[in-house]
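Participant: everything below, folded, please.
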Amino acid sequence: MKKLRTIIVAGLLVWVPLGATIFVLRLLIDLFGNLDSWMSNILGLPIKGLGILLALLLLLGTGLIAANYFGKRIVDFWESLLDRIPLVRNVYSAVKRFLEVVLSDSSQSFSRVLLIEYPRKGLYSLSFQTSQNLGEIQEKTGENLVCVFVPTTPNPTSGLILMVPE
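Facilitator: As a prediction, this is how the structure comes out:
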């Protein structure tokens, strides 16, 4: 029964973020899609793709607002509201984390695959290097360290962040 639950959760981790993204994009395109015929009637010219253009402009505008200090405060406020609703909190945070990993600059996340000696001497684990410059931590330890992500089972999207000697 526990294995079945794990399999279902793994399936949800694939489909929920994808479905949420498709839903939002479809909603935006449908919302602005009717403007094609409305603008065609006003101007007397057929304008195709106006809905998609306006949806992209809305996403661009939202991104610009969210990227500045004031916009981040608004986003933080809405996220704190969503965080108070039990099921919404779980779905939203999972979708957000998934999209952050997928849409992040690939040069910054998981730059190399490594085999590290973990969890004890003689045992090795597959890991992904996430960063190399650990600044203050390297100064205090006096070692060259790299930060790695070690995926765990049964859900490879969860795991451990470790700092190991280079």
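
Participant: what about Arg97, distance to Gly71?
Facilitator: Using C-beta to C-beta, to the nearest Å, Arg97 is found at 20 Å from Gly71. Bear in mind the C-beta positions are built from the backbone N, C-alpha and C, glycine included.

Participant: which residues of the protein fall in helices?
Facilitator: 2-33, 35-43, 50-66, 69-82, 86-103, 136-141 (DSSP state H).

Participant: let's have the ones you listed in TSV, adding mean neighbour count, mean pLDDT and distance to Gly159.
Facilitator: Below are the helices of the chain laid out as TSV (neighbours: other C-beta atoms under 10 Å; pLDDT from 0 to 100; distance: least, C-beta to C-beta, whole Å):
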stretch	mean neighbour count	mean pLDDT	distance to Gly159
helix 2-33	13	72	13
helix 35-43	13	72	45
helix 50-66	14	78	28
helix 69-82	11	83	23
helix 86-103	13	72	12
helix 136-141	11	77	19
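
Participant: any chance of those in TSV, plus distance to Pro165?
Facilitator: Converted to TSV, the helices of the chain look like this (distance: least, C-beta to C-beta, whole Å):
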stretch	distance to Pro165
helix 2-33	32
helix 35-43	58
helix 50-66	38
helix 69-82	36
helix 86-103	26
helix 136-141	9
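
Participant: of those, which approaches Thr152 most closely?
Facilitator: helix 2-33 (11.9 Å; C-beta to C-beta).

Participant: show me what the closest one is packed against.
Facilitator: The helices and strands touching helix 2-33, judged by 3 or more C-beta pairs under 8 Å, 6 or more residues apart in numbering; DSSP states H and E, are helix 50-66, helix 86-103.

Participant: could you dump those into JSON lines and include distance to Pro151?
Facilitator: Below are the helices and strands packed on helix 2-33 laid out as JSON lines (distance: least, C-beta to C-beta, whole Å):
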{"stretch": "helix 50-66", "distance to Pro151": "29"}
{"stretch": "helix 86-103", "distance to Pro151": "12"}
